[in-house]
Structure formats: C-alpha cells, structure tokens
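> Need a 3D model of the sequence below.
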Amino acid sequence: MLLLCCSYPLRAQQTNPMNEYYLEVISNPSNSIHLTIGAYPQSISANKRADGTIFSVMKVALINNIKAQPFAWKDYKIYILTKSGELFYNFTTSASSGDYSCQYPIASGETHIQFFCFEKLFLGSDIEKVWVSFSDNQFIALNYFVDDKTKTPEEQAKQNIEQTSPTPTPAALPNEDKKKKK
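Residues are numbered from 1 along each chain as shown. The predicted structure follows:
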C-alpha cells in the first residue's frame with residue numbers, strides 16, 4: 001500500500017527564530033531504560049493518500065541513551081489535545097519499516113525518527129498538550145519548550161527551566177517497574 005503520494009506544509013514556510021517542541025525523558029531507577037521523546041509541531045504537514053484522503057504527519061524523535069538497554073517501540077500512541085478541546089491520537093500505519101513504521105527496536109545510543117500520522121488535520125499552533133501512551137491507562141505528558149535562536153545558551157536554559165510545568169505523578173512503563181524521572 002502506498003502510504004502517501006505527496007506532502008505539503010499546512011502553513012507557509014518561513015524563517016522562524018523560535019524552535020518549538022514537546023519533550024520528556026523517561027527512565028527507570030537503574031537507567032536500563034532512558035528514553036527521550038521529542039515531538040516537533042513545526043514539522044506538521046498535510047499528506048494525501050492515493051485515494052485522495054488527507055491526513056496530518058508530525059515528526060517525533062526517540063532517543064535511547066547510550067547506556068540504556070535496547071527499547072522496543074510497540075505502536076505506542078501520541079495523543080494531542082487541541083486548544084479547542086479535541087483529543088485524538090495517531091493511527092497505526094501499514095508500513096513495516098522506515099519512518100512510518102509503528103513497531104521497531106531502538107538500540108542503545110540510537111536516535112529514531114518516526115513520522116506519526118493523524119486522521120485529523122491540524123497545525124502546530126492548534127496544540128494545547130501532548131502525551132505519549134504506553135498502555136490504555138499510562139499517559140506521560142511531554143513538556144512544551146521554545147528555544148529562541150536569538151538568545152544565548154545561558155538565557156535559553158533559564159527560560160526552559162521557567163517553562164517547565166510541574167511533573168505529574170510518576171507513571172510506570174509497560175512490563176517493568178520503569179518510572180519517569182525529571
């Protein structure tokens with residue numbers, strides 16, 4: 001099945017001094033799991049299937065720490081809450097490999113880029129909150145950050161600390177006593 005036949009941005013491309021992203025680091029006490037998840041709302045694009053239907057795609061980076069054990073991504077979901085109150089999550093693609101595959105191993109020290117697909121058309125500016133779900137009742141919020149490319153690294157670090165919202169109660173990852181750390 002051909003997943004997409006064309007891709008185009010939902011908004012005009014322009015030079016933006018801001019870099020927006022949703023990010024969280026998830027680990028267990030022994031650091032055998034130490035996964036960083038970053039979702040990039042500026043990457044959202046509309047895509048057209050061969051049948052003419054349109055869906056949205058968002059780039060997500062999954063980074064497994066060099067000292068962590070390999071991590072098996074098993075079609076876990078990214079949930080989006082829009083400012084208008086709509087809640088939805090990505091769909092499972094038919095791809096068995098590549099950037100659209102929903103199941104794959106992430107080796108120690110590896111960064112995996114996945115393009116998550118959503119039936120809903122939306123813009124990065126529509127997003128209120130983002131979560132990753134490892135099961136039906138385990139949701140971990142990704143924190144929103146904005147890097148201002150006009151600021152020094154020290155100014156940006158201070159801003160990121162100020163932007164971080166309080167961490168919710170730690171959530172266990174699937175099949176192990178894996179706890180989220182801040």
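> Which neighbours in the sheet does the strand ranked longest in the chain have, and how are they oriented?
Scanning the chain for the longest strand, with DSSP state E as the assignment, gives strand 34-48. According to DSSP bridges, the neighbouring strands of strand 34-48, each with its direction, are strand 6-9 (antiparallel), strand 18-27 (antiparallel), strand 54-64 (antiparallel).
> Just give the closest residue to the residue nearest in space to the middle of the chain, not the sequence neighbours.
Geometric centre of the chain, nearest residue: residue 39, 3.1 Å, by Cα atoms, centre = their mean. Nearest residue to residue 39, sequence neighbours excluded (Cβ to Cβ, 6 or more residues apart in numbering): residue 22, at 4.4 Å. All C-beta spots, glycine's among them, are computed from the backbone N, C-alpha and C.
> One more: residue 90?
Using Cβ to Cβ, 6+ apart, the nearest residue to residue 90 is residue 116, at 4.1 Å.
> That neighbour reaches residue 58, doesn't it?
Yes: using Cβ atoms under 8 Å, residue 116 is in contact with residue 58, at 5.2 Å.
> Need the residues touching each of the two.
When contacts are counted by Cβ atoms under 8 Å, 6 or more residues apart in numbering, residue 116 and residue 58 are jointly contacted by 39, 78.
> quick revisit: and the residue nearest to residue 90, what pLDDT?
Per-residue pLDDT puts residue 116 at 96.
> now do residue 119
96.
> what's around the residue lying closest to it once chain neighbours are set aside, how many residues?
Excluding the flanking residues, the one nearest residue 119 by Cβ to Cβ, 6+ apart is residue 55, at 5.5 Å. The burial count assigned to residue 55 is 19, neighbours taken as other Cβ atoms under 10 Å.
> quick one, phi/psi of residue 108?
Main-chain torsions, residue 108, degrees, to the nearest 10: phi -60, psi 130.
> residues contacting it?
64, 65, 66, 67, 68, 69, 70.
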